[in-house]
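A.B. asks: just a sequence and a predicted model for now, questions to come.
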Amino acid sequence: MTASRGRMALAWTLVGVGIIVAVLAVIAGYVRYQALDTPTVEETATKMIQDDDVREEIGFRVVDELFTRVDIPAALRERLPEDQQGLAPVLAGALRELADRGIQRLLADPRIQDLWVRSVVTAQEQLVAILDDDTTAVSTEGGFLVLDIRPLVIQLGERVAILGNVAQRFPESAGRIKIMEADQLETAQDLTQLLKRVAMFLPFVVLAVWGIALWLARGRRRAILRTVGVGLIAVGILVLVVRELAGSYFVDDLVRSDSVRPAAQNAWDIITGLLADGGLTVIGLGLIALLAVWFSGPSKSARATRRALAPFLARPELAFGVAGLLFL
């Protein structure tokens, strides 16, 4: 018996709703884990500091911070004989070249890389506290959420031993990169609370909606499942395309220096890696759904495959075990 026209109309509507919710589920899951999950942020920061291009740009920022915030010529004049103090500006230029080379060796040290990772994780924990409206647990700089690279700058200055007392010369407020204003996040706070509530459940909402659609579509369930599979593949492709277009805009339009673009591209790829994984996962699920449509169909190849697998599928431990693996 085939489902009535009304039941089929409702089933197709639920399929469309499920596809829309699937898009939201992928995006919400990415934002939740990439921005709000500390272990994920720590892993991302580690990948960034281990990338050669990104590490080079981080090194340039650290050196700039040191030479901008500390009066290097004055520090050199203090350590030079009186008759040689005029050489301080020249030596400062040479010292800058030495620092540019030395910072890359410094950042290759796992212990120094850990300082960078700790700085990023601390900023992320402050962000999460602010988004949770727990501003009493957060110390901001002048009303801004900051990324503190002061320990890296001090480490670099200590490697350039001729400076001496870098921690005392380096202003307390320096080495802190402003990320965002901490007191203008009401909308972000509302969205975060909503996201934390729904992100975990959206995938189950998708499965429930499509399950109801399949239940309603008696006699037309293969057509419904085929549309679900195609819809999942479309969702995955859409996510990958949007990631690619957004990356092109970020790297090509917002990054003005050609020398910085390789690092910006690598950083974008690392930060949005989870989004790409989500898109590929959804595509994989769509292919599994289409495989199920073919496997249950009337074609000669499907019937031959069912006959070949019948002895194995007759064993519950194998049939349900394989189904469980595919579900995972």
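C.D. replies: Sure, I can see it. Numbering: from 1, shown residues only.
A.B. asks: Glu57: what's it in contact with?
C.D. replies: Residues counted as contacts of Glu57 (C-beta atoms under 8 Å, 6 or more residues apart in numbering) are 260, 263. In short, each C-beta sits where N, CA and C put it, glycine included.
A.B. asks: oh, I was asking about Leu107
C.D. replies: Leu107 sits next to 49, 55, 58-59, 62, 113, 116, 152 when contact means C-beta under 8 Å, 6+ apart.
A.B. asks: do Ala45 as well
C.D. replies: Contacts of Ala45 by C-beta under 8 Å, 6+ apart are 116-117, 120-121.
A.B. asks: now it: phi and psi?
C.D. replies: Backbone torsions for Ala45, taken as degrees, to the nearest 10, come to phi -60, psi -40.
A.B. asks: where does the stretch 1-150 of the chain have low pLDDT?
C.D. replies: 1, 69-80, 82-85, 87-88, 91-92, 130-150 (pLDDT under 70).
A.B. asks: and if we set it to 50?
C.D. replies: Applying pLDDT under 50 to the stretch 1-150 of the chain flags residues 136-140.
A.B. asks: list just the nearest of the contacts of Leu107 to Thr38.
C.D. replies: Nearest to Thr38 among the contacts of Leu107: Trp116, at 15.4 Å, using C-beta to C-beta.
A.B. asks: against Gln50, how distant is the residue minimising distance to the centre of the chain?
C.D. replies: For the chain, the residue sitting closest to the mean C-alpha position, by C-alpha atoms, centre = their mean, is Ile271 at 3.4 Å. Taking C-beta to C-beta, to the nearest Å as the criterion, Ile271 is separated from Gln50 by 14 Å.
A.B. asks: A helix includes Thr281, no?
C.D. replies: Yes - using DSSP: H, G, I helix; E, B strand; the rest coil, the secondary structure at Thr281 is a helix.
A.B. asks: ok, and the closest non-adjacent residue to it?
C.D. replies: Gly236 (7.5 Å; C-beta to C-beta, 6 or more residues apart in numbering).
A.B. asks: ok, the one you found touching Leu280?
C.D. replies: Yes - with contact defined as C-beta atoms under 8 Å, Gly236 and Leu280 form a contacting pair (6.5 Å).
A.B. asks: the more surrounded of these two?
C.D. replies: Applying other C-beta atoms under 10 Å to Gly236 and Leu280 shows that Gly236 carries more neighbours, namely 24 against 13.
A.B. asks: pLDDT at that one, what is it?
C.D. replies: Among the per-residue scores, Gly236 holds a pLDDT of 95.
A.B. asks: that one: what's it in contact with?
C.D. replies: Counted by C-beta under 8 Å, 6+ apart, Gly236 has contacts 26, 279-284, 286.
A.B. asks: how about Ile103?
C.D. replies: Counted by C-beta under 8 Å, 6+ apart, Ile103 has contacts 59-60, 62-63, 156.
A.B. asks: any idea which of the residues you listed is closest to Gly86?
C.D. replies: Closest to Gly86, out of all of the contacts of Ile103 and judged by C-beta to C-beta, is Val63, at 24.3 Å.
A.B. asks: so where does the closest one fall, helix or strand?
C.D. replies: Element membership for Val63 (DSSP states H and E) is helix 52-69.
A.B. asks: how about that helix: buried residues?
C.D. replies: Residues of helix 52-69 classed as buried: 53-60, 62-63, 65-67, 69 (neighbour count, 16 or more other C-beta atoms under 10 Å).
A.B. asks: ok, stretch 298-313 next?
C.D. replies: Within stretch 298-313, no residue counts as buried by 16+ other C-beta under 10 Å.
A.B. asks: contact partners of that stretch?
C.D. replies: Contact with stretch 298-313 is made by 294-296, 318-319, as judged by C-beta under 8 Å, 6+ apart.
A.B. asks: make TSV out of these and add neighbour count and secondary structure.
C.D. replies: Converted to TSV, the contacts of stretch 298-313 look like this (neighbours: other C-beta atoms under 10 Å; DSSP: H, G, I helix; E, B strand; the rest coil):
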residue	neighbour count	secondary structure
Trp294	14	helix
Phe295	14	helix
Ser296	12	coil
Leu318	13	helix
Ala319	13	helix
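A.B. asks: and those, which two are furthest apart?
C.D. replies: Based on C-beta to C-beta, the longest span within these runs between Trp294 and Leu318 and measures 20.1 Å.
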